[in-house]
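> Need coordinates for the below:
(chains A and B)
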Protein chains: 2
Amino acid sequence: MNNKIALAGCGNVGTALLEILQEKRSELAGKYGFTFEVVLICDLMKGNIADPQGLDLGKVLDAIHTRRGFAELPQARGTFAEMLESSHATVLAEATPMDLKTGEPGMTHMKTALSHGVSVVTTNKGPISLALDELVKLGAEHGASLRFEGTVMSGTPFISMIREGMVGCKVKKVAGILNGTTNFMLTKMGEGLTYSQALEEARSHGYTEADPSMDVEGWDPAVKVSIMAKIFFGMDVPVIKVERTGITGITPGKVMEAAAAGCKVKLLAGVDEGPKGFHAFVKPAKVPFSDPLASIDSATNAVTITTDNLGDVTIIGPGAGRRETGQALLEDIFALCRGK
Amino acid sequence: MNNKIALAGCGNVGTALLEILQEKRSELAGKYGFTFEVVLICDLMKGNIADPQGLDLGKVLDAIHTRRGFAELPQARGTFAEMLESSHATVLAEATPMDLKTGEPGMTHMKTALSHGVSVVTTNKGPISLALDELVKLGAEHGASLRFEGTVMSGTPFISMIREGMVGCKVKKVAGILNGTTNFMLTKMGEGLTYSQALEEARSHGYTEADPSMDVEGWDPAVKVSIMAKIFFGMDVPVIKVERTGITGITPGKVMEAAAAGCKVKLLAGVDEGPKGFHAFVKPAKVPFSDPLASIDSATNAVTITTDNLGDVTIIGPGAGRRETGQALLEDIFALCRGK
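Sure thing, here's the model as predicted:
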């Protein structure tokens, strides 16, 4: 089948997907029999372009890289639903910015696609955290699927590893380092930097937004925990209900003190079983050097999954990055082709 | 579809598969729509039993656990091909002991099944290392598939993570700790035990065979490297051609010396790129504490995969164990159901 891909949101991640597709077109066809066209690209800043026969990706990427915008390319007009329908897309890659309160504009894009029988792959945590059940149900009613590997650990295939690779295992606990910015800052504090210096250095690497509270107050990992609670434990835990402590109270002194006791301070995010049943959390914790999670420095992510049949399995990989997150969209498009 | 499973080899791993299937029958049906019968079990010691309508797993497991053998159960007769054919099996789980030189009896079991259009899942490294291409081709000619997740890292879904989860990534290097016995011994030597004491303790945990050379001389990880070279790099590297150094030359002194330099000694197994192209190796190496592989103690396994789109991804999990390896067979049976 020739995949007809629509892309909503052509920022860093969307562009990375287009780059990977362009670079690997012949390899994907030869090695996997995977052929595709990109038939629609919608971006709030750059504009909307479409060609049901397939846009010229070379020209699209050139327009992006030279910052000329999409004015010289085949224009698409109408509402998103109209553009999607006339593009004959078979899959929507949704990579617009996250809005934690409304999920928009991703929510509308996803609902539109799924209700038209167009499967969705996304890296956008907003709609997945807010309305996963509703979106899956809508897709099922119209023969469309929804995949969202890139919402946790970017392209590191964490979600598919558990849901598809470790099928038959009962997940008892999941906990890990799901925010690279704070892990980078904790690493730096371990090297002697103050909190402010560590934050400044994270900024200089482009790891933080102007407002760093999404990271340092633990909102970003809390969104991921909300998604994990749903998919691994069937629990509805809105982001606001995740027990959440960030790293704003951590000092270099506390990091050094932990080190003297054979531990590293890590911002752990996960779901485990307590006296009152399962609970979802984000909190700084002392992790002994002997735990693989203690070895995770800088912006790397890692999660340990505890199951009945396999005990502990840990996966370590990039948690962010434009190319790494674009790769997540490709993985999900592939999985759809294989009927998942 | 109702899966009709034949099992060849009902030792530790085969029995673990039967136990998991029995324990999880209703969960597998409810959660995944996966239904099955075990229609044939062949074991050199216990005997051969069959029922095309499905053997009573409770009775089978009782006979195994009480060491009564299969005499009271419905007997199967004839050659393996005849038993397989009359069982109407749709998949063969092959878990007989490994023979590195001939691959038998697994080789004959697999060829028989594949040439009859019966897909095969296996944990048996012998035939996979010796004849993967031939087996895959034979299956393809008869509409049957072959999966072998359990040949490396038991049920930790390492092979499927790379081949199916990280699709589109170019694998540049793969290296890790693929033998739990030697890793356990190196850990113990780091705690002050001599080589002989470490070997003795590994024996007392049941980690080694009477002849420990498969482990300490690196043959076991070399077989896994041979399989990885084929599936990730398309290279034919017979086990004997893997550059192989075991741990027999390692002393507690060397382990302590490495520790003083901020490293652990690990028996690394993998494929990397050298001046003369890719090369397959098993060798003791000093791994810096900052590398996640340094944190892997005792009998745990771990592999780091280096790719273009995701950089380094590491997976850590059990590399052996009866239940963990039985789980691998279940994962592969599931994947077959999903058309892979």
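> switch to C-alpha atoms for all contacts and neighbour counts from now on
Will do.
> What residues does chain A have near chain B?
A:24, A:28, A:155-157, A:160-161, A:164-168, A:289-292, A:295-297, A:309-318, A:323-324, A:327, A:330-331, A:334-335, A:338-340 (C-alpha under 8 Å from any C-alpha of the partner chain).
> Give me the subset of these that lies in helices.
A:Leu28, A:Ser160, A:Arg323, A:Glu324, A:Gln327, A:Leu330, A:Glu331, A:Phe334, A:Ala335 (DSSP state H).
> Export the residues you listed as CSV, with columns for distance to A:Ile5, neighbour count and pLDDT.
Listed next are those as CSV, based on distance: C-alpha to C-alpha, whole Å; neighbours: other C-alpha atoms under 10 Å in any protein chain shown; pLDDT from 0 to 100:
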residue, distance to A:Ile5, neighbour count, pLDDT
A:Leu28, 15, 16, 94
A:Ser160, 21, 22, 96
A:Arg323, 18, 22, 97
A:Glu324, 19, 24, 97
A:Gln327, 15, 31, 98
A:Leu330, 11, 25, 98
A:Glu331, 13, 26, 97
A:Phe334, 12, 20, 95
A:Ala335, 14, 17, 94
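> B:Ser213: which of those residues is nearest?
A:Ser160 (36.9 Å; C-alpha to C-alpha).
> for the closest one, what are its contacts?
A:Glu149, B:Gly165 (C-alpha atoms under 8 Å, 6 or more residues apart in numbering or on different chains).
> so where is the stretch 1-150 of chain A shaky, pLDDT-wise?
A:1 (pLDDT under 70).
> quick one: the helices in it?
Ranges of helices in the stretch 1-150 of chain A, per DSSP state H, counting those that start in this stretch, are A:12-23, A:25-32, A:57-65, A:80-87, A:106-115, A:125-141.
> Show me what the last one packs onto, helices and strands only.
This means helix A:125-141. helix A:106-115, strand A:146-147, helix A:219-233 (3 or more C-alpha pairs under 8 Å, 6 or more residues apart in numbering or on different chains; DSSP states H and E).
> Show me what that helix is in contact with.
By C-alpha under 8 Å, 6+ apart, the list of residues contacting helix A:125-141 reads A:98-104, A:106-107, A:110-111, A:114-115, A:117, A:119, A:145-146, A:148, A:151, A:223-224, A:226-227, A:238-239.
> And for A:Asn274, the neighbour number?
In this structure residue A:274 is Gly, not Asn. Neighbour count of A:Gly274, defined by other C-alpha atoms under 10 Å in any protein chain shown: 9.
> same deal with A:Arg322?
By other C-alpha under 10 Å, neighbour count at A:Arg322 equals 17.
> Model confidence at it, what's the number?
pLDDT, A:Arg322: 95.
> Please name the nearest non-neighbouring residue to it.
What sits nearest to A:Arg322 in space, not counting adjacent residues and going by C-alpha to C-alpha, 6 or more residues apart in numbering or on different chains, is A:Val13, at 4.9 Å.
> if I look at the one you found, how far off is chain B?
Using C-alpha to the nearest C-alpha, to the nearest Å, A:Val13 is found at 13 Å from chain B.
> how near is that residue to A:Thr122?
Applying C-alpha to C-alpha, to the nearest Å, one obtains 10 Å for the distance of A:Val13 from A:Thr122.
> circling back: among the ones in helices among the residues of chain A next to chain B, which two are most distant?
A:Leu28 and A:Ser160 (20.1 Å).
> What residue in chain A is the furthest from its centre?
A:Ala260 (34.9 Å; C-alpha atoms, centre = their mean).
> secondary structure element for A:Leu268?
strand A:263-274 (DSSP states H and E).
> How about that strand, which residues are buried there?
A:Cys263, A:Lys264, A:Val265, A:Lys266, A:Leu267, A:Leu268, A:Ala269, A:Gly270, A:Val271, A:Asp272 (16 or more other C-alpha atoms under 10 Å in any protein chain shown).
> Drop anything exposed from the contacts of helix A:125-141.
A:98-100, A:103-104, A:106-107, A:110-111, A:114-115, A:117, A:119, A:145-146, A:148, A:151, A:223-224, A:226-227, A:238-239.
> was I right about A:Arg244 contacting A:Pro284?
No - using C-alpha atoms under 8 Å, A:Arg244 is not in contact with A:Pro284, being 9.5 Å away.
> The two - which one has more neighbours?
It is A:Pro284, of A:Arg244 and A:Pro284, that has more neighbours when counted by other C-alpha under 10 Å, with 21 against 18.
> how about the residue lying closest to the more buried one once chain neighbours are set aside, what does it touch?
In this structure, A:Pro284 finds its nearest non-sequential neighbour in A:Leu267, 4.1 Å apart by C-alpha to C-alpha, 6+ apart. By C-alpha under 8 Å, 6+ apart, the contact set of A:Leu267 is A:Ile177, A:Asn179, A:Thr182, A:Asn183, A:Gly246, A:Ile247, A:Val282, A:Lys283, A:Pro284, A:Ala285.
> For those residues, which two are the farthest from each other?
A:Asn179 and A:Ala285 (14.0 Å).
> These two - which one has more neighbours?
Between A:Asn179 and A:Ala285, A:Asn179 has the larger neighbour count (other C-alpha under 10 Å), namely 29 against 14.
> The more buried one and B:Thr90: what is the separation?
Taking C-alpha to C-alpha, one finds A:Asn179 at 45 Å from B:Thr90.
> Same check on A:Val121?
Distance from A:Val121 to B:Thr90, by C-alpha to C-alpha: 33 Å.
> A:Ala261 now?
From A:Ala261 over to B:Thr90 (counting by C-alpha to C-alpha), the distance is 56 Å.
> Test my guess that A:Val225 contacts A:Ile240.
No - if you go by C-alpha under 8 Å, A:Val225 and A:Ile240 don't touch, sitting 10.9 Å apart.
> which one of these two has more residues nearby?
It is A:Val225, of A:Val225 and A:Ile240, that has more neighbours when counted by other C-alpha under 10 Å, with 29 against 11.
> Need the per-residue pLDDT for that one.
98.
> ok, it - contacts?
A:Val225 makes contact with A:Val239, A:Val242, A:Ala269, A:Gly270, A:Val271, A:Ala280, A:Phe281, A:Val282, according to C-alpha under 8 Å, 6+ apart.
> mind redoing it with 7 Å?
A:Ala269, A:Gly270, A:Ala280 (C-alpha atoms under 7 Å, 6 or more residues apart in numbering or on different chains).
> Show the pLDDT at the first one.
Taken from the predicted model, the pLDDT recorded for A:Ala269 is 98.
> in its sheet, what does the strand holding A:Leu268 sit against?
Here strand A:263-274 has these sheet partners by DSSP bridges: strand A:171-177 (antiparallel), strand A:277-288 (antiparallel).
> How much space separates the residue nearest to the spatial centre of chain A from A:Ile159?
The residue lying closest to the centre of chain A (C-alpha atoms, centre = their mean) is A:Thr151, at 2.2 Å. Using C-alpha to C-alpha, A:Thr151 is found at 9 Å from A:Ile159.
> Repeat that for A:Lys111.
Taken as C-alpha to C-alpha, the span from A:Lys111 to A:Ile159 is 22 Å.
> and if you look at A:Lys31?
24 Å.
> In terms of neighbours, single out the busier of those two.
Each of A:Lys31 and A:Ile159 has its neighbours counted (other C-alpha under 10 Å); A:Ile159 has more, 21 against 9.
> Surely that one touches A:Phe148?
No - look at A:Ile159 against A:Phe148 with C-alpha atoms under 7 Å: they stay out of range, at 8.3 Å.
> care to break chain A down by domain?
A:2-155+A:322-337, A:166-318 (automatic domain parsing).
> Export those to JSON lines and append columns for distance to B:Gly192.
Output for the domains of chain A, formatted as JSON lines (distance: least, C-alpha to C-alpha, whole Å):
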{"stretch": "domain A:2-155+A:322-337", "distance to B:Gly192": "39"}
{"stretch": "domain A:166-318", "distance to B:Gly192": "17"}
